[in-house]
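[1] turn this into a model:
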Amino acid sequence: MPPTEAEPLLLRFYWTAAFSLVAAVLAAWLIRRGLRGQSVGDHPVCRRCAYDLFALPAGAARCPECGADLAAPRATVRGGDRRPRPRTVLAGAACAAAALVGAILAARAGVRAWAFDANRPTWWLTRQIAADVPTDQREQASAELRRRLREDLLSRGQIDAITARVLDLQTGPSHSWRTGGFVIMARERKTVSDADWTRFASQNVRYDVSCRPRIAVGEALPVEIQERQLQSRSSKFWFDHKVTRVEVDGVPLPAVPDGAWPSPNLTSRAPYGPVGYYLEPALIARAGARPGAHTLTLHLDVSGGEYLPPNGPEGGPPALFRRQQIIHLPWTLLPAGAPTVDLIRSPQIDATVRAGTGPVEVECEVQHDGRPKVSVQVRRNDTSVTLSMSAELRAGARTWPAGESVSTPDTGGLYTTRVLPGFDADRVDVILRPAPDAGRQTVSVTEIWGGEITFKDVRVRWSDYQRTIGPPRPPGRRVGAQ
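    Presented below is the predicted three-dimensional model:
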């Protein structure tokens with residue numbers, strides 16, 4: 001929290017604590033003085049029972065009242081008896097009450113001040129940079145540590161300790177950009193070693209690799225490689241990866257002529273859809289894979305470095321690190337023609353899908369070559385059921401296939417776009433049918449809804465830009481125009 005909000009509470013704690021301490025000391029002194037009392041007369045008295053020993057016969061060795069040995073050290077009190085001072089005791093009690101009130105106010109101010117990270121010691125904030133600390137508390141502590149770093153309030157030892165905590169946290173699932181920002185700021189101040197900086201860069205990128213769990217003989221195996229940069233809001237680093245080797249059950253696969261960069265063993269071409277890479281059926285057969293369980297092994301070469309400043313040396317940014325990553329992915333090969341995407345239906349599922357799907361938007365934009373490009377977007381309010389649908393547009397007796405799309409809880413609605421020669425409708429019916437082939441092109445979809453939905457009389461929104469300055473609409477009757 002901002003130190004401008006925390007400082008008044010901290011000052012209040014100091015003032016109330018000091019007042020409470022002074023009042024407590026004064027109360028102790030007054031109560032002791034009042035209970036001890038003041039001297040009355042000058043006769044000696046017995047310390048034990050306060051008996052007046054004046055005119056005691058010479059040679060008397062014991063107190064006539066209690067029998068105490070008067071010859072013992074400090075057996076008598078010289079200067080007379082003492083009487084308590086009630087007013088002094090009362091004043092001491094009042095000071096004690098004030099001290100108690102001050103202690104309560106100081107404790108309250110201290111608790112409130114402790115809630116502000118600006119009032120907490122650096123060692124405490126450093127301990128908050130840990131995976132077992134809630135994310136909001138960890139990020140608040142990191143923000144306060146960055147503030148102290150900007151204001152040069154941290155020693156070199158404290159910076160090293162915080163950097164070590166961030167690097168350890170970076171390897172776990174709880175890392176966030178805000179905690180890593182401390183290391184970047186410290187590096188800019190030249191307080192992070194080259195070894196720690198290289199480790200920070202290397203741990204800053206992860207590659208999540210997955211493949212489809214099962215395919216049938218004759219189908220391609222979809223493979224997805226996702227690069228995840230923990231410092232997504234930072235432009236300090238560049239990263240690169242390349243699949244240098246692909247194996248099926250330990251059998252290395254050769255490169256293909258049209259292999260996709262950065263893997264010469266995988267392809268990303270049609271007709272297999274939007275997933276990053278595919279292992280072609282011919283390579284699967286070449287590896288001798290038969291129906292059953294198999295393992296796909298990818299050798300990933302990962303490198304990364306720091307971008308050079310605008311006026312830095314020429315020749316490109318050098319690599320700070322280079323590492324090898326080997327990923328083993330289990331998958332199953334089924335006999336040819338075996339279904340790998342299941343169709344699910346039930347009254348409850350049908351009702352959920354129909355209630356949570358829609359509305360539909362259809363847009364047509366005439367390209368520069370005169371061909372209409374049609375986009376269909378289907379919104380979904382409930383994505384709990386996975387859809388893999390093909391869209392068909394119908395106007396009167398004419399139909400146009402508008403493409404296929406997959407909707408999962410992670411991707412949201414359905415969207416297709418395709419050039420449809422001869423399309424000239426102003427209103428259409430949009431028909432969505434199950435498309436298992438589209439589901440087979442993904443790495444995760446194994447079951448889809450098996451029903452059909454029709455949206456009647458959907459208006460086609462033609463681009464105003466193309467209508468005014470673009471090529472003319474295709475000739476012919478505008479089917480469905482009203």
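
[2] helices of the stretch 51-200 of the chain, residue ranges please.
    86-114, 122-127, 135-150, 156-170, 177-188, 194-202 (DSSP state H, counting those that start in this stretch).

[3] wait, what's in contact with the closest residue to Arg150 other than its chain neighbours?
    Once flanking residues are discounted, Arg150 sits nearest to Met185: 7.1 Å by C-beta to C-beta, 6 or more residues apart in numbering. No exception for glycine: its C-beta is placed from N, CA and C like everyone else's. For Met185, the contacting residues are Arg146, Leu149, Arg150, by C-beta atoms under 8 Å, 6 or more residues apart in numbering.

[4] then Leu387?
    Counting by C-beta under 8 Å, 6+ apart, the residues that Leu387 touches are Val353, Thr357, Arg380, Val406, Ser407, Leu414, Leu432, Ile448, Trp449.

[5] now these as a markdown table including pLDDT and secondary structure?
    Formatted as a markdown table, the contacts of Leu387 follow (pLDDT from 0 to 100; DSSP: H, G, I helix; E, B strand; the rest coil):
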| residue | pLDDT | secondary structure |
| --- | --- | --- |
| Val353 | 94 | helix |
| Thr357 | 92 | strand |
| Arg380 | 92 | strand |
| Val406 | 92 | strand |
| Ser407 | 92 | strand |
| Leu414 | 93 | strand |
| Leu432 | 96 | strand |
| Ile448 | 95 | strand |
| Trp449 | 95 | strand |
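
[6] return the member of these nearest to Ala24.
    Of all the contacts of Leu387, the one with the least separation from Ala24 (C-beta to C-beta) is Arg380, at 67.9 Å.

[7] what's the longest helix along the chain packed up against?
    Using DSSP state H, we find that the single longest helix of the chain is helix 3-36. If you count contacts as 3 or more C-beta pairs under 8 Å, 6 or more residues apart in numbering; DSSP states H and E, helix 3-36 packs onto helix 86-114.

[8] helices or strands up against the helix it packs on?
    Under the contact rule (3+ C-beta pairs under 8 Å, 6+ apart), helix 86-114 is packed against helix 3-36.

[9] what about the helix it packs on, average pLDDT?
    Averaged over helix 3-36, pLDDT sits at 79.

[10] follow-up on the earlier one: how far away is the residue nearest to Arg150 from Phe237?
    15 Å (C-beta to C-beta, to the nearest Å).

[11] again with Arg127
    28 Å.

[12] just the buried members of the contacts of Met185?
    Arg146, Leu149 (16 or more other C-beta atoms under 10 Å).

[13] closest one of the contacts of Met185 to Thr399?
    Arg146 (60.0 Å).

[14] correct me, but that closest one touches Gly180?
    No. The pair Arg146 / Gly180 is not scored as a contact, 10.7 Å apart, by C-beta atoms under 8 Å.

[15] quick one: the strands in the stretch 251-400 of the chain?
    Secondary structure of the stretch 251-400 of the chain by DSSP state E, counting those that start in this stretch: the strands cover 251-252, 277-279, 292-306, 319-334, 342-344, 357-366, 372-380, 387-395, 398-407.
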